[in-house]
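# okay, sequence plus prediction incoming.
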Amino acid sequence: MNRASASKTAAGRFFEDFRVGETIRHATPRTLGGGDASLYSALYGMRFAPQSAETFARAIGYPTSPIDDLLAFHVVFGKTVPDVSLNAIANLGYADCRFLRPVYPGDTLSSVSEVIGLKENSNRQSGVVYVRSRGFNQRDEAVLDYVRWVMVRKRDPDAPAPEAKVPKLPEAVAAADLGSACPPTNRAGFDGALSGSPYRFEDYAVGERIDHVDGVTVEEAEHMIATRLYQNTAKVHFNQHSEGQGRFGRRLIYGGHVISLARALSFNGLANAFHIAAINGGRHVAPLFAGDTVFAWSEIVATAALPERSDVGALRVRTIATKNRPCADFPLRQGEGYEPSIVLDLDYWALAPRQP
Amino acid sequence: MNRASASKTAAGRFFEDFRVGETIRHATPRTLGGGDASLYSALYGMRFAPQSAETFARAIGYPTSPIDDLLAFHVVFGKTVPDVSLNAIANLGYADCRFLRPVYPGDTLSSVSEVIGLKENSNRQSGVVYVRSRGFNQRDEAVLDYVRWVMVRKRDPDAPAPEAKVPKLPEAVAAADLGSACPPTNRAGFDGALSGSPYRFEDYAVGERIDHVDGVTVEEAEHMIATRLYQNTAKVHFNQHSEGQGRFGRRLIYGGHVISLARALSFNGLANAFHIAAINGGRHVAPLFAGDTVFAWSEIVATAALPERSDVGALRVRTIATKNRPCADFPLRQGEGYEPSIVLDLDYWALAPRQP
Amino acid sequence: MNRASASKTAAGRFFEDFRVGETIRHATPRTLGGGDASLYSALYGMRFAPQSAETFARAIGYPTSPIDDLLAFHVVFGKTVPDVSLNAIANLGYADCRFLRPVYPGDTLSSVSEVIGLKENSNRQSGVVYVRSRGFNQRDEAVLDYVRWVMVRKRDPDAPAPEAKVPKLPEAVAAADLGSACPPTNRAGFDGALSGSPYRFEDYAVGERIDHVDGVTVEEAEHMIATRLYQNTAKVHFNQHSEGQGRFGRRLIYGGHVISLARALSFNGLANAFHIAAINGGRHVAPLFAGDTVFAWSEIVATAALPERSDVGALRVRTIATKNRPCADFPLRQGEGYEPSIVLDLDYWALAPRQP
């Protein structure tokens, strides 16, 4: 009887259960609607104009307000958790994340992952799994594509190790690969009074640093509601009974929640960077817990014109988020490592309208 | 002046205000939309595929994603509170709850109750009121029908007792009465990779026990947001000022919140049991409070074919939910009573697709 | 570099940055949908029938359920914060707030403010700014119009003071100016069983006091989710890191959250006062913090027929909200000031159906 039940309950894959080249179709597809957009907005306080107002979206070339890029990312990501990272020890990183098509209310997202790399750790207790995950809409069009790698436990340390394969990943998405999720944009329709800023692509300089000023304190109810909205089931976010006995004694906040908090804060200084076209990489430097207050600052790392597009340009932004420490002095390094308040080091491409 | 105000404020009915055979139309009708479905999903982390994805719903025969059965239940139930249980001492139980028609986004639900039994307690301070409550949609079609009984205070202990009448209630809804809220289901369209499980009706055996593994910690903000979503006004859930001076010193979590938490946890093991067709009975064995972590396990109590339906079969499921205690060893009895961590003992019929 | 970033980050206006007669167009427009209405309902537990049920709304003359008046108010108000009150020391009051047109799901709201008064304080550290703010829908029709005044810091105490101008504000909105946001109402279709009360306009007497009985405890997650839903960015509501070092040691709850809580509580006694036609004035007497339990009572201050309308009448209501103190004895004055538990003193006009 217990065996029967064990077989019906998803135990998640262990390291030795993955094969390079294998494709995993994930449960559960999810239709995103206006209700999800409202809740996402209320959880983070997003103010980017195209996502907030249908009128603004239409004025610049969208058929209606798109679903926030990161909401789509979190939903696609969440589906991969039960198959990929239920037995993960750590999320090590992501790379080469490209937003390929806009997602609109009414679209249904599903996720498929391909195992593209495996490398057992020397202690033979675990290994690193590399997957390329893709999000599709109801027309089977890819809307999102990214690589992540996680350290996953082995069920049996004596299980034979597969041949190590580590995929070669780009340090950043090439500018030529950006922009397919952004429709042709009517620069003249981009009203800076309504969007909250007069600054356009050309107004940002490489090396420029922006303190996003504001801080936001996180509550347990908020990050759990958000993480469930994404149908992300990782137990470290929800189960105080087990986490209370764990390493931190607390529920760990989903890293994607921190990314969305930092993105919302970045409005103050980057209001017209309305679309995330790609995430080059992200590092969760330290855990965040309920009660912490998140601050953020950004640096413009690069700027790039897009091929054959005169409407928008790409800003490569590095956003650093801290906990319980304002960022007026742009904290980053301390000795060999990160300044200790830092929780997130995120590298992404955002699109902003060019000058008319 | 005070009398005028007292007359305008709903004080709720006392035991002697109920008459057997009386019909009570409840306020406030409520249109359920996609926003309610999103919020419900985010509060519990529901992952049942037809409710999550319009594409999946259509592939199996629904015109669109139905509103979660328990969301409809809570909304119908919530309306009855101001008239039936504002002066209740305890919710004693429910029975014979049948889901009669699917509820879709845009439907407006209203509730009507009929008093079907009354029995004064021997101490003459209170009595038990039995009501059959029905939920209707905007076409006056019944979508839900259930009996509950509550212990209600008397305004005046000396008020004469009505003749005792205790309705005869079925121990369980008959299999022949199940399924009218489930449209003809295309078994071939029920994609196990997307739904999260390959197991169908025939794969479950009577006596099988399933540990749902995961635990979820409840926060005050979550259960209050949920209970207000249902327009349930029972003050024990919301008012710390009065509850802090009460029996538990804390706000009590709405029993229906516990049922939805257990249902969401049950996805891990019962992913394809996509529709609750009936609730045979439910017992809130102990109160749940914010900060507690809920776990659950289920037993398949019976299985039943449905008359003239080859598409779906019915699983009679008993789900036990605990607080702050994992369920790997299926806690149930201790001595004469329940194992002390148990908060819910729920008996319901769920439908699952048959093998193609 | 720091200068560049400082220039891109909105620092908010200081007292000397305002000019009488100046018009400020605010970011960010916001499309309100069913998801916002659901979330608003779940945050406060609103039960007014036209806003809750499309069927009820249509039966009385609306084309569909309108967006709650206060949700529209909060959204229009929220947009003014970054431009008007980011450097405010205190919100001093509002007046002459008229609801001009109904707002429906799908409408996009934007805000424009005109500076109508300025008066430097005698200490020259700050001054009072009076603005008339208007909310517009996507057809540029005004939906809402109100005056508020705030005390704003000076950047430089030595900056020259403008000529003092204090606008003359009405003590209350005239009855003749009420009702344009309320369509012709079918009194016969106003079903008192569904709306929750048989009492209509004529049933309320001037001087009548109503204890709204119930209390609701507020959580940090709730008021922050609500305030972000309104895209209100005032940092005192969100940043425990800075507020912990401030005057109260805690995050301050947005005054509008208190108004919505009081309005929701007022359903018990004022269920048929379904539309707020105007807010004559509001005073946040004391701050509210998470963990506090809010109670409320109301007095009917005046009643008024509306010109050429026999369908609805206007009740001028004064609602007093308290924290951690039930209102059965209608607390109001103590010595020269307010009874110390009082947090809100609100004066508004609500419409209720007349007798058929």
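Yep, it's here.

# Three-state assignment for residue A:222, please.
The local conformation at residue A:222, judged by DSSP: H, G, I helix; E, B strand; the rest coil, is helix.

# any low-confidence regions in chain A?
A:1-6 (pLDDT under 70).

# and the residue in the stretch 251-356 of chain A that chain B sits nearest to, how many neighbours?
Nearest residue of the stretch 251-356 of chain A to chain B: residue A:251, at 7.0 Å (Cβ to the nearest Cβ). Yep, even glycine has a C-beta here, placed from its N, CA and C like the rest. Residue A:251 has 25 neighbours, counted by other Cβ atoms under 10 Å in any protein chain shown.

# again, but for residue A:342
Each residue near residue A:342 was counted by other Cβ under 10 Å, and the total is 22.

# and the gap between the residue nearest to it when sequence neighbours are not counted and residue A:255?
Of all residues not flanking residue A:342 in the chain, residue A:285 sits nearest, at 4.9 Å (Cβ to Cβ, 6 or more residues apart in numbering or on different chains). For residue A:285, the distance to residue A:255 equals 10 Å [Cβ to Cβ, to the nearest Å].

# now for these two: what residues contact both?
Here residue A:285 and residue A:255 have residue A:344 as joint contacts, going by Cβ atoms under 8 Å, 6 or more residues apart in numbering or on different chains.

# interface residues of the stretch 1-150 of chain A facing chain C?
A:33-39, A:41-45, A:47-49, A:52-56, A:65 (Cβ under 8 Å from any Cβ of the partner chain).

# so which of those belong to strands?
Among those, no residue falls in strands (DSSP state E).

# for PyMOL, write the selection for the buried entries among those residues.
Only the buried members of the residues of the stretch 1-150 of chain A next to chain C enter the following PyMOL selection, criterion being 16 or more other Cβ atoms under 10 Å in any protein chain shown:
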select buried, chain A and resi 33+34+35+36+37+38+39+41+42+43+44+45+47+48+49+52+53+54+55+56+65
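
# among the residues of the stretch 1-150 of chain A next to chain C, which ones lie close to chain B?
Contacts with chain B within the residues of the stretch 1-150 of chain A next to chain C, counted by Cβ under 8 Å from any Cβ: A:33-36, A:38-39.

# what residues does the stretch 1-150 of chain A put near chain B?
Contact residues (Cβ under 8 Å from any Cβ) of the stretch 1-150 of chain A with chain B: A:1-2, A:4-5, A:8-10, A:25-31, A:33-36, A:38-39, A:82, A:106, A:108, A:110, A:138.

# surely the residue of the stretch 251-356 of chain A closest to chain B touches residue A:288?
No: here residue A:251 lies out of contact with residue A:288, judged by Cβ atoms under 8 Å, at a distance of 10.4 Å.

# show me where the stretch 101-250 of chain A has strands.
Along the stretch 101-250 of chain A, counting by DSSP state E, counting those that start in this stretch, strands occupy A:108-120, A:126-136, A:142-153, A:209-211, A:216-217.

# now mean neighbour count too, for these, in TSV please.
Formatted as TSV, the strands of the stretch 101-250 of chain A follow (neighbours: other Cβ atoms under 10 Å in any protein chain shown):
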stretch	mean neighbour count
strand A:108-120	21
strand A:126-136	23
strand A:142-153	21
strand A:209-211	23
strand A:216-217	24
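
# how about the helices of the stretch 151-300 of chain A, start to end?
A:192-195, A:220-229, A:240-243, A:255-265, A:267-270 (DSSP state H, counting those that start in this stretch).

# can you list these in CSV and add distance to chain C and mean neighbour count?
Formatted as CSV, these follow (distance: least, Cβ to the nearest Cβ, whole Å; neighbours: other Cβ atoms under 10 Å in any protein chain shown):
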stretch, distance to chain C, mean neighbour count
helix A:192-195, 4, 19
helix A:220-229, 4, 25
helix A:240-243, 15, 19
helix A:255-265, 8, 24
helix A:267-270, 5, 25
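
# which one of those lies closest to residue A:77?
helix A:255-265 (6.3 Å; Cβ to Cβ).

# tell me what the closest one is packed against?
Applying 3 or more Cβ pairs under 8 Å, 6 or more residues apart in numbering or on different chains; DSSP states H and E, we find helix A:255-265 packed against helix A:34-44, helix A:69-80, strand A:216-217, helix A:220-229, strand A:275-284, strand A:293-306, strand A:309-323, strand A:342-353.

# what sits up against the first one?
Contacts of helix A:34-44 with the rest of the structure, by Cβ under 8 Å, 6+ apart, involve A:46, A:51-52, A:65, A:67-68, A:71, A:105, A:222, A:225-226, A:229, A:260-261, A:263-264, B:33-39, B:42, C:33-36, C:38-39, C:225-226, C:228-229, C:231.

# if we use 7 Å, what do you get?
Helix A:34-44 is contacted from outside by A:46, A:67-68, A:71, A:105, A:222, A:225-226, A:229, A:260-261, A:264, B:34-35, B:37-39, B:42, C:33-36, C:38-39, C:225, C:228-229, using Cβ atoms under 7 Å, 6 or more residues apart in numbering or on different chains.

# next: stretch A:183-195.
Residues outside stretch A:183-195 that contact it (Cβ under 7 Å, 6+ apart): A:49, A:56, A:59-62, A:102, A:198, A:271-272, A:311-312, A:353-354, A:356, C:25, C:27-29, C:110.

# again with stretch A:71-91
Applying Cβ under 7 Å, 6+ apart, the contact partners of stretch A:71-91 are A:10, A:12-14, A:24, A:26-28, A:30, A:32, A:36, A:40, A:103, A:109, A:111, A:113, A:126, A:129, A:131, A:133, A:135, A:143-144, A:148, A:150-153, A:230-234, A:255-256, A:284.

# one more: stretch A:153-166?
A:14-16, A:20, A:87, A:89, A:117-120, A:124-127.

# chain B: which of these is nearest?
Nearest to chain B among those: residue A:87, at 12.3 Å, using Cβ to the nearest Cβ.

# ok, that closest one to residue A:338 distance?
Per Cβ to Cβ, residue A:87 is found 27 Å from residue A:338.

# before we move on, what about residue A:124?
Using Cβ to Cβ, residue A:124 is found at 30 Å from residue A:338.

# which one's more surrounded, these two?
Legend: neighbour count by other Cβ under 10 Å for residue A:124 and residue A:338, higher for residue A:338 (19 against 14).

# how about that one, nearest residue that isn't a chain neighbour?
Sequence neighbours aside, residue A:285 is the residue nearest to residue A:338 in space, at 5.0 Å (criterion: Cβ to Cβ, 6+ apart).

# what pairs with the closest residue to residue A:144 other than its chain neighbours across the strands?
Distance criterion Cβ to Cβ, 6+ apart; nearest residue to residue A:144, sequence neighbours excluded, is residue A:135 at 3.9 Å. Going by DSSP bridges, residue A:135 is paired in beta bridges with residue A:111, residue A:144.

# mind listing what residue A:135 touches?
Here residue A:135 is in contact with A:72, A:76, A:109, A:111, A:142-144 (Cβ under 7 Å, 6+ apart).

# let's see 10 Å
Listed by Cβ atoms under 10 Å, 6 or more residues apart in numbering or on different chains, the contact partners of residue A:135 are A:26, A:72-73, A:75-77, A:79-80, A:99-101, A:103, A:109-112, A:141-146.

# how far away is residue A:284 from chain C?
Computed as Cβ to the nearest Cβ, to the nearest Å, the residue A:284 to chain C distance reads 20 Å.

# just grab the bridge partners of that residue for me.
residue A:344.

# doesn't residue A:262 make contact with it?
No: the pair residue A:284 / residue A:262 is not scored as a contact, 11.3 Å apart, by Cβ atoms under 10 Å.

# pull up the overlap in contacts between those two.
Joint contacts of residue A:284 and residue A:262 (Cβ under 10 Å, 6+ apart) are A:321, A:343-344, A:346.

# correct me, but residue A:167 touches residue A:117?
Yes: the pair formed by residue A:167 and residue A:117 meets the contact definition of Cβ under 10 Å, at 4.4 Å.
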